[in-house]
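K.L.:
turn this into a model:
(one chain, ligands or ions: 1)
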Amino acid sequence: MKLNKNKLVVIASILTIVSCNNNKSNDENNSGKNTKQKEIHKVKNIDEALTELKYGNNRFLDNAFINTNYKEQIEATKGGQHPHSFILTCIDSRVPPEIIFDQGIGNIFVSRLAGNIEDDDVLGSMEFAAKVKHTKLFVVLGHSHCGAVKGAIDNAGLEHLTQLTNKIKPAINPQKTYPLEDEVEDIVSRKNVSLTIEQILKNSATLRLMVEENEIKIIGAFYDISNGEVEFFDEKKE
Ligand SMILES: [Zn+2]
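P.N.:
Next up is the predicted model:
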């Protein structure tokens, strides 16, 4: 099952590479530099954005990156940006969105706060992406062994850290009997992703209305730092 999935991904990645190379060739032959921007605009709707992130994570897992020509990407994006997705994730150094989704430069907005929580400034950034840049997909990405979540569980606090970990604490259910101790963080992390999405929808009428009108989608996801896999919460577990 796993093998088949990976084979499919390799095929898809190869097709994408071939497609990109063909596009590049056509662009160069037909109308020169300006058409390079079209490659950046190739994702046109929510489903395509989600597919691109899923394929991108699989390219990362297969070490089959296609978005690493940074000089070309700088050239292609210097006149503007239209990222297809917005990733809100943790500051954890092991969770770099552009790399784990193989998106390079110009394809995704990234907002990072310890524990992937939202605040007014994050919401402002998301509203800018949605309304001004027409970004389609918004992903709240939690991850395994999150230090911020552990801090919330352990009541960690510092001058400004306390108010941050307090925002994660609603994900901890004091009534719940958790299984093994090292599984607690991940269970709370997943719950924290769901609560962050709830808070986004509650606190931004702009984003809520756009979700209701199917103009954008906000989904949760979870990154496993032990193997590099991203699980989207729209997927059924195998
Ligand atoms: Zn974290």
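
K.L.:
quick one: secondary structure of the most centrally placed residue in the chain?
P.N.:
Among the residues of the chain, the one closest to the centroid is residue 87, at 3.5 Å (CA atoms, centre = their mean). Assigned state for residue 87: strand (three-state reduction, DSSP: H, G, I helix; E, B strand; the rest coil).

K.L.:
nearest spatial neighbour of it, skipping sequence neighbours?
P.N.:
In space, and not counting its chain neighbours, residue 87 is closest to residue 97: 4.3 Å by CB to CB, 6 or more residues apart in numbering. All C-beta spots, glycine's among them, are computed from the backbone N, C-alpha and C.

K.L.:
below-threshold pLDDT in this structure: ranges please.
P.N.:
1-41, 179-182, 235-238 (pLDDT under 70).

K.L.:
that one against the ion: which residues are in contact?
P.N.:
Counting by CB under 5 Å from the ion, the residues of the chain close to the ion are 90, 92, 146, 148.

K.L.:
any chance of these in CSV, plus secondary structure?
P.N.:
Converted to CSV, the residues of the chain next to the ion look like this (three-state DSSP):
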residue, secondary structure
90, coil
92, coil
146, coil
148, helix
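
K.L.:
can I get the residues you listed in a markdown table with neighbour count?
P.N.:
Listed next are those as a markdown table, based on neighbours: other CB atoms under 10 Å:
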| residue | neighbour count |
| --- | --- |
| 90 | 23 |
| 92 | 20 |
| 146 | 26 |
| 148 | 26 |
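
K.L.:
of the residues you listed, which pair is most distant in space?
P.N.:
Greatest spacing in the residues of the chain next to the ion, by CB to CB: 92 and 148 (8.1 Å).
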